[in-house]
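Q: quick check, what structure comes out for this input:
(one chain, ligands or ions: 2)
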Amino acid sequence: MIDPQQTVGDLVLDHPECAAVLQRHRIDYCCGGNQTLAGACLKRGLDVGPLAAALEQAVRERGGDEMDARTLSSPALIAHIVVRYHTPLRKTLPFVRTLGAKVARVHGGHNPRLVELDRVIAELADTLEAHIDDEEATLFPTLERREPQPAAAGRLSKTTRDEHEMVGGFVNRMRAASDDYTVPDWACNSYRVLFRELEHLETDVLRHVHLENHVLLPRFAGAAR
Ligand SMILES: [Fe+2]
Ligand SMILES: [Fe+2]
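A: Ligands and ions are numbered 1, 2, ... in the order given. From the prediction side, this is the model:
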């Protein structure tokens, strides 16, 4: 069923339910979407057999409520991205930023990595907030034109992909500083809520970037891959 020579980006396009399994194994299907499953396993020191089995199980258990974004027109896809990802981010980012600062202030003495986590959350929030504003102000209107200018679409696509790489780097640092979102026994409620929110945030960021990198941007002639 699962072909180890398929790229992980294509795998998630065919089977969105594989995204969560790849995320759990820290395989990047967004900016690293062009690597094959076998190649990604090699890089992470993972055995491809058990991972392919876990992916096949996820496909079998598929709930059926995941829509195929490839079937949407570009304006509909853009509207979906704004409603499903951009709008919630404008609430989530200020919330986790405040909570991250509070948890670092109260528990940073007990766990110094919380201070680094707070810093990464602030950098991620600054970058993502500016990024989604730019997409809505410039990239999306350019792509929604009846005849997008290939040069403009290409230039904006390149900038967008570069910013996605940056966001991906912050997400990796966030996961490392939170020890894979592991909550210690002594953690208070704020600590627990923060880690749960960050894990949700990571899931949404990966899916969001994946849609833009692998479904939206490749549709435009002249857009850099
Ligand atoms: Fe976006
Ligand atoms: Fe984006």
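Q: how close does residue 84 sit to residue 43?
A: Going from residue 84 to residue 43 by CB to CB, to the nearest Å gives 30 Å. C-beta here means a position set from N, CA and C on the backbone, and glycine is covered the same way.
Q: run the chain-centre distance for the lengthiest helix in the chain.
A: Secondary structure of the chain per DSSP state H: the longest helix is helix 150-177. Chain-centre distance of helix 150-177: 10 Å, with CA atoms, centre = their mean, to the nearest Å.
Q: just checking, what packs against that helix?
A: Packing partners of helix 150-177 (3 or more CB pairs under 8 Å, 6 or more residues apart in numbering; DSSP states H and E): helix 113-134, helix 140-144, helix 189-211.
Q: what comes up buried for it?
A: 152-154, 156-157, 159-161, 163-164, 167-168, 170-171, 173-175, 177 (16 or more other CB atoms under 10 Å).
Q: what of stretch 197-210?
A: Neighbour counts over stretch 197-210 (16+ other CB under 10 Å) mark 197-199, 201-202, 205-210 as buried.
Q: that one - what's its average pLDDT?
A: Averaged over stretch 197-210, pLDDT sits at 94.
Q: give me the pLDDT value at residue 33.
A: pLDDT, read off for residue 33, is 91.
Q: A helix includes it, no?
A: No - Residue 33: not assigned to a helix; according to DSSP: H, G, I helix; E, B strand; the rest coil it is coil.
Q: OK, contacts around it?
A: Residues near residue 33 by CB atoms under 8 Å, 6 or more residues apart in numbering: 7-10, 12, 210, 213-214.
Q: apart from its chain neighbours, what residue comes closest to residue 54?
A: Leaving out its chain neighbours, the residue that sits closest to residue 54 by CB to CB, 6 or more residues apart in numbering is residue 21, at 5.3 Å.
Q: can you tell me how far the one you found is from residue 119?
A: 30 Å.
Q: neighbour-wise, which of those two wins?
A: Under the neighbour definition other CB atoms under 10 Å, residue 21 and residue 119 were set side by side, and residue 21 has more, 20 against 15.
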